[in-house]
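Visitor: sequence and predicted model, in that order:
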Amino acid sequence: MYFIILLPLLFFMYVSNNYLSVSVHTLPRRGHKKSASSLSIVQISDLHNKSFGSRQSYLMKKIASLHPDLIAVTGDLVDGAPFAHAAEFLKRASEICPVYVVRGNHESMAGNFAAFEKKMKGCHVYLLKNTFADFKKDGYTYRITGLDDPKFRGKDKNYTLLMKETLDKIVRRQKEGGADYQILLSHRPELFLLYSSYPFDLVLCGHAHGGQFRPPFTDGLYAPNQGIFPKYTSGAHKNNHTTEIISRGLGNSSFPLRLFNFPEIVKIVIK
């Protein structure tokens, strides 16, 4: 009798933590270059070394079906050693299209990032540690800036000033008018008001895991660095000229369970 009652609950919990949902956001692009077609971005965040099928087959099939021009990874690929599933994801993702990666707090906490970085270089992905790279399509230049997680500088609280100083340095290194569209990759979504004070058109973040538990009509119950009933856990947020899109992520870390919160792949179309 108890087993009959428990079975649907276990099935629901399994599906909640393993079914890959896809969210699609369509954004306008500044400028009027007639030759420029749409840009398709797939955002992956907070994998936490989770496996979706043998050699990430389930995850890669989903990503490939979205036909991305580039893949943006917004931190926490790993969750400590070993990191085989994270490395397998990068290897197979780079076979689809260019991959741009920023580091999250768990890359710092794992304590073995140097070994993982060697794996990343073998996968031919772009690791952006407080730097930027240009992606060009149809004569249109998309500048992708990567902001390192403050945990790599020993900060997990009161890091707004540190992040501002870092962004100031990065922006100063960029040439005026060198890009048609500016994209920022950062692990932490709660600094959106700071990000939107810079010339970024789009900001992609993770970290909040969708608030972990997402009862109906809420944005989740808790997010790190935001506390209970957090504001920035998923979806699109706008301020001034900037749109921030937050991924609910794919894996779990210290708390190994999601409720009403499917793992998420985000697709962004800029057109």
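Guide: Cool, got the structure.

Visitor: what number of residues lie near residue 8?
Guide: Residues near residue 8, counting by other C-beta atoms under 10 Å, number 9. The C-beta positions use only the backbone N, C-alpha and C, and glycine is treated the same way.

Visitor: my bad, should have said residue 104
Guide: Residues contacting residue 104 under the criterion other C-beta under 10 Å number 30.

Visitor: check contacts around it.
Guide: 46, 74-77, 149, 151, 187, 206-207 (C-beta atoms under 8 Å, 6 or more residues apart in numbering).

Visitor: turn those into CSV, including pLDDT, neighbour count and distance to residue 237.
Guide: Shown next, in CSV, are those (pLDDT from 0 to 100; neighbours: other C-beta atoms under 10 Å; distance: C-beta to C-beta, whole Å):
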residue, pLDDT, neighbour count, distance to residue 237
46, 97, 28, 18
74, 98, 32, 15
75, 95, 31, 18
76, 96, 29, 20
77, 96, 30, 24
149, 97, 25, 20
151, 95, 19, 23
187, 98, 27, 16
206, 98, 30, 14
207, 97, 27, 14
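
Visitor: and the residues you listed, which is closest to residue 137?
Guide: Lowest distance from residue 137 to those (C-beta to C-beta) belongs to residue 74, with 20.8 Å.

Visitor: now do the contacts for the most centrally placed residue in the chain.
Guide: What sits nearest the mean C-alpha location of the chain, by C-alpha atoms, centre = their mean, is residue 74, with 2.9 Å. By C-beta under 8 Å, 6+ apart, the contact set of residue 74 is 43-46, 102, 104, 185-187, 204-207, 247.

Visitor: for the stretch 1-150 of the chain, give me the ranges with low pLDDT.
Guide: For the stretch 1-150 of the chain, the stretches with pLDDT under 70 are 1-3, 5, 9, 11-12, 31-35.

Visitor: mind listing the helices for it?
Guide: Counting by DSSP state H, counting those that start in this stretch, the segments of the stretch 1-150 of the chain that form helices are 2-18, 57-65, 84-93, 105-109, 113-122.

Visitor: of all those, which one is nearest residue 162?
Guide: helix 105-109 (13.5 Å).

Visitor: contacts for that closest one next, please.
Guide: Applying C-beta under 8 Å, 6+ apart, the set of residues contacting helix 105-109 is 48, 75-80, 113, 116, 149-152, 156, 187, 207, 224, 253.

Visitor: CSV for the helices of the stretch 1-150 of the chain, including distance to residue 37?
Guide: What follows is the helices of the stretch 1-150 of the chain, written out as CSV (distance: least, C-beta to C-beta, whole Å):
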stretch, distance to residue 37
helix 2-18, 34
helix 57-65, 19
helix 84-93, 22
helix 105-109, 34
helix 113-122, 29
